[in-house]
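Engineer: how does the following fold in three dimensions:
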Amino acid sequence: MGPMFRPCQGCGGEQLFEQPHPMLGNCPDAPDGLCPEWSCTECGAALIVMVLPQPRPAALADVVGRVA
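Structural biologist: Okay, the predicted model is just below:
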């Protein structure tokens, strides 16, 4: 993922944020290699941006035979 503009707590406005690892998928701290860490290019403030896993929908077998 490339650089992005986000609100920065340190600067108090929209700033450019970049990831510390130059290559995508090269983060040693994340099991999948996709780094959630971003830093402000102006002040260096850290920001964690991650996508949370979505709950799996109930399997059809779990709901068959249920009556509402």
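
Engineer: with adjacent residues omitted, what lies nearest to residue 48?
Structural biologist: In space, and not counting its chain neighbours, residue 48 is closest to residue 36: 5.1 Å by Cβ to Cβ, 6 or more residues apart in numbering. All C-beta spots, glycine's among them, are computed from the backbone N, C-alpha and C.

Engineer: state the distance from the one you found to residue 20.
Structural biologist: With distances defined as Cβ to Cβ, to the nearest Å, the gap from residue 36 to residue 20 amounts to 11 Å.

Engineer: out of everything not next to it in sequence, what's closest to the residue most central in space within the chain?
Structural biologist: Within the chain, one residue has its C-alpha closest to the average C-alpha position: by Cα atoms, centre = their mean, that is residue 50, at 1.7 Å. Nearest residue to residue 50, sequence neighbours excluded (Cβ to Cβ, 6+ apart): residue 36, at 3.9 Å.

Engineer: show me what contacts the one you found?
Structural biologist: With contact set as Cβ atoms under 8 Å, 6 or more residues apart in numbering, residue 36 has these partners: 30, 48-50.

Engineer: sorry, back to before: measure the residue nearest to residue 48 to residue 12 for me?
Structural biologist: Distance of residue 36 to residue 12, computed by Cβ to Cβ: 23 Å.

Engineer: what ranges does the protein have for its strands?
Structural biologist: Counting by DSSP state E, residue ranges of the strands within the chain are 4-8, 13-18, 37-40, 46-48.

Engineer: now these as TSV including mean neighbour count?
Structural biologist: Putting the strands of the chain into TSV (neighbours: other Cβ atoms under 10 Å) gives the following:
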stretch	mean neighbour count
strand 4-8	14
strand 13-18	15
strand 37-40	18
strand 46-48	12
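
Engineer: dump these into JSON lines; add mean pLDDT as well.
Structural biologist: Shown next, in JSON lines, are the strands of the chain (pLDDT from 0 to 100):
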{"stretch": "strand 4-8", "mean pLDDT": "90"}
{"stretch": "strand 13-18", "mean pLDDT": "92"}
{"stretch": "strand 37-40", "mean pLDDT": "90"}
{"stretch": "strand 46-48", "mean pLDDT": "88"}
